[in-house]
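Trainee: quick one, fold the following:
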Amino acid sequence: MWNLLIVGAGPAGLNAAIAAAGEGLKVKIIDEFNRIGGRLLGQLHQEPNGEWWNGIDVANRLHEKAITLGVKIESGVSVYDLEQSEFGWKVYTSEGMEKTEKLLLATGATEVPTPIPGWTIPGVMSIGAAQVMGNVHRVKPGNTCVIIGANVLSIAIANELRLCGVEVKEIVISQPNSSLTHSGTPEKVMESLLQLTHLAPSVLLRQAGRVAKYIHPSLAVKFYPKNGMNILDIPIKIKTAATEIIGDKKVKGVKTVNIRSNGEIIPNTERITEADFVCIAGGLAPLPELAALTSCEFKFVHELGGHIPLHSERMETNEPNLFVAGNITGVESAKVAMAQGTVAGLTIASEIKGNKKHSDSAIEEALLTVRKEREEALIQFQPNIARARELIYQQFELDWKAESPKRSIS
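Mentor: A predicted model of the protein is given here:
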């Protein structure tokens, strides 16, 4: 039996394993993908200090460190059920049942699909798939691209595609409909883009962005150029919406129209932008299905990407011996996920080892790292993430106090 079983070998899971194993725990990680690293594997970008963040290198270093500390790691293993027991948890996997005192779910996030006419044509893919093709498999997805969906994820990966030698012709938004009200109107898209003006290539645009953050998005949209604005030399057109992907046996282009600030289509503005592949970027949402197999309490938090398990800042849930870390708790950067993993690993070690004085000091230091990484993150996936986190932690504390007589953390 394991002291700690971790589901997910991404940045949070690997760091949690390292922290827990470093405190003497017997730790195992399982992951359904056949390579270790999770979302780290697709990441490649330049940091503000000029250094390059190569996710594959980071994943390899974490993998090697975990192995050195005695962590057992199995890839290509899926989990399909969880069951509480007298000793902790039974975890049912494609390779059999595992027993563990503590269970950490670090399952990450998933891309949100955005259906559009023509989205099943060969050559249409999610923005994350294009990232993996280029950065992991070193396969160029194509030569020319249109990205549908103007958000943090699409802009970040668009730059990575550009580094692969792809001409990203434009980033447009999805045509508004009843299921896409959050991302299909220029005003909502503008709210997100105002978090990214620090990436603009010119000082003038960066200064304009700082001023625009104090202006209501509807007013900012009013003055946004109809032909878009360049970020990292890629045209971002939030007043242009994709209505259809064109092609038969393969992608040929995207049909678009101009739209007003409220998303209303402007007649007689249709045009086609030619491209040999199309990326759809619907954004990211936490992946909490395994937590939903338990009695774990959930909350919907827009700023964190959707439904998340209610949890403390120390990554505890309301379920005894069940912890969460990384993007399952809300969509943020890999560095935040790594720091959260360290907090979870140290918290779990503290509960098992009971060395409170040493543990509290180490955990508090790890919590400071989480806050620092969040504050210094190059991009924020949603505005007001820090405030949303605090509200979640406060609610957990209230629930903890109400239910503490029922809870065991042995």
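Trainee: quick one, helices of the stretch 301-410 of the chain?
Mentor: Assigned by DSSP state H, counting those that start in this stretch, the stretch 301-410 of the chain shows helices spanning 334-353, 356-375, 385-403.
Trainee: what's the shortest one packed up against?
Mentor: Okay, so that is helix 385-403. strand 298-301, helix 356-375 (3 or more C-beta pairs under 8 Å, 6 or more residues apart in numbering; DSSP states H and E). From N, CA and C alone the C-beta is placed, and that goes for glycine too.
Trainee: run the last query once more with 10 Å
Mentor: Packing partners of helix 385-403 (3 or more C-beta pairs under 10 Å, 6 or more residues apart in numbering; DSSP states H and E): strand 298-301, strand 306-309, helix 356-375.
Trainee: pipe the ones you listed into TSV and attach mean pLDDT per row.
Mentor: Below are the helices and strands packed on helix 385-403 laid out as TSV (pLDDT from 0 to 100):
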stretch	mean pLDDT
strand 298-301	96
strand 306-309	96
helix 356-375	90
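Trainee: can you say which of those is nearest to residue 109?
Mentor: Residue 109 lies closest to strand 306-309 among the helices and strands packed on helix 385-403, at 9.0 Å (C-beta to C-beta).
Trainee: list the buried residues of the closest one.
Mentor: By 16 or more other C-beta atoms under 10 Å, the buried positions in strand 306-309 come out as 306, 308, 309.
Trainee: which one of those residues sits closest to residue 241?
Mentor: Closest approach to residue 241 among the buried residues of strand 306-309 (C-beta to C-beta): residue 306, at 23.4 Å.
Trainee: low-confidence ranges, the stretch 301-410 of the chain, go.
Mentor: 356-358, 401-410 (pLDDT under 70).
Trainee: still on that earlier bit, tell me the one of the buried residues of strand 306-309 nearest residue 31?
Mentor: residue 309 (19.0 Å).
Trainee: show me the contacts for that closest one.
Mentor: 105, 286, 288, 290-292, 294, 296-299, 315-319, 322-324, 328-329, 392, 396 (C-beta atoms under 10 Å, 6 or more residues apart in numbering).
Trainee: one more time with 7 Å, if that's ok
Mentor: Counting by C-beta atoms under 7 Å, 6 or more residues apart in numbering, residue 309 touches 288, 291, 296, 298, 317, 324, 328, 329.
Trainee: and the second one, that one's in a helix?
Mentor: Yes - note on residue 291: a helix contains this position according to DSSP: H, G, I helix; E, B strand; the rest coil.
Trainee: so it sits right up against residue 107, yeah?
Mentor: No - shown here, residue 291 and residue 107 do not form a contact pair, counting by C-beta atoms under 7 Å, at 8.1 Å.
Trainee: may I see the helices and strands packed on helix 385-403 arranged in JSON lines, with distance to residue 185 as well?
Mentor: Conversion of the helices and strands packed on helix 385-403 to JSON lines gives the following (distance: least, C-beta to C-beta, whole Å):
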{"stretch": "strand 298-301", "distance to residue 185": "20"}
{"stretch": "strand 306-309", "distance to residue 185": "19"}
{"stretch": "helix 356-375", "distance to residue 185": "28"}
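Trainee: as JSON lines, the buried residues of strand 306-309 with distance to residue 348 would be great.
Mentor: Converted to JSON lines, these look like this (distance: C-beta to C-beta, whole Å):
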{"residue": "306", "distance to residue 348": "25"}
{"residue": "308", "distance to residue 348": "19"}
{"residue": "309", "distance to residue 348": "16"}
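Trainee: now, which of the residues you listed sits nearest residue 7?
Mentor: Taking the buried residues of strand 306-309 together and measuring to residue 7 by C-beta to C-beta, the closest member is residue 309, at 12.9 Å.
Trainee: so who does the residue nearest to the spatial centre of the chain touch?
Mentor: Nearest to the geometric centre of the chain sits residue 331, at 4.1 Å (C-alpha atoms, centre = their mean). By C-beta under 7 Å, 6+ apart, residue 331 lies in contact with 109, 284, 286, 304, 305, 381.
Trainee: let's see it at 6 Å
Mentor: Residues in contact with residue 331 (C-beta atoms under 6 Å, 6 or more residues apart in numbering) are 109, 284, 305, 381.
Trainee: what's around the spatially closest residue to it that is not a sequence neighbour, how many residues?
Mentor: The shortest distance from residue 331 to any non-neighbouring residue, by C-beta to C-beta, 6 or more residues apart in numbering, is to residue 305 (3.8 Å). Counted by other C-beta atoms under 10 Å, the residues lying close to residue 305 total 26.
Trainee: you'd agree residue 305 is up against residue 285?
Mentor: Yes - contact criterion C-beta atoms under 6 Å: residue 305 and residue 285 qualify, at 4.9 Å.
Trainee: what are the contacting residues of the helix or strand harbouring residue 134?
Mentor: In this assignment (DSSP states H and E), residue 134 forms part of helix 127-135. The contact list for helix 127-135, computed with C-beta under 6 Å, 6+ apart, reads 42, 44, 111, 139, 141, 154, 157, 164, 279, 281.
Trainee: excluding chain neighbours, what is closest to the fourth one?
Mentor: For residue 139, the nearest residue in space outside its immediate sequence neighbours is residue 133; the separation is 4.7 Å by C-beta to C-beta, 6+ apart.
Trainee: pLDDT score for the one you found?
Mentor: Looking at residue 133, its pLDDT reads 93.
Trainee: likewise for the one 10 residues further on?
Mentor: Reading off the per-residue confidence, residue 143 sits at a pLDDT of 97.
Trainee: ok, for it, nearest residue in space, not its chain neighbours?
Mentor: The shortest distance from residue 143 to any non-neighbouring residue, by C-beta to C-beta, 6+ apart, is to residue 276 (5.6 Å).
Trainee: again, but for residue 23
Mentor: Counting by C-beta to C-beta, 6+ apart, the residue nearest residue 23 is residue 349, at 3.6 Å.
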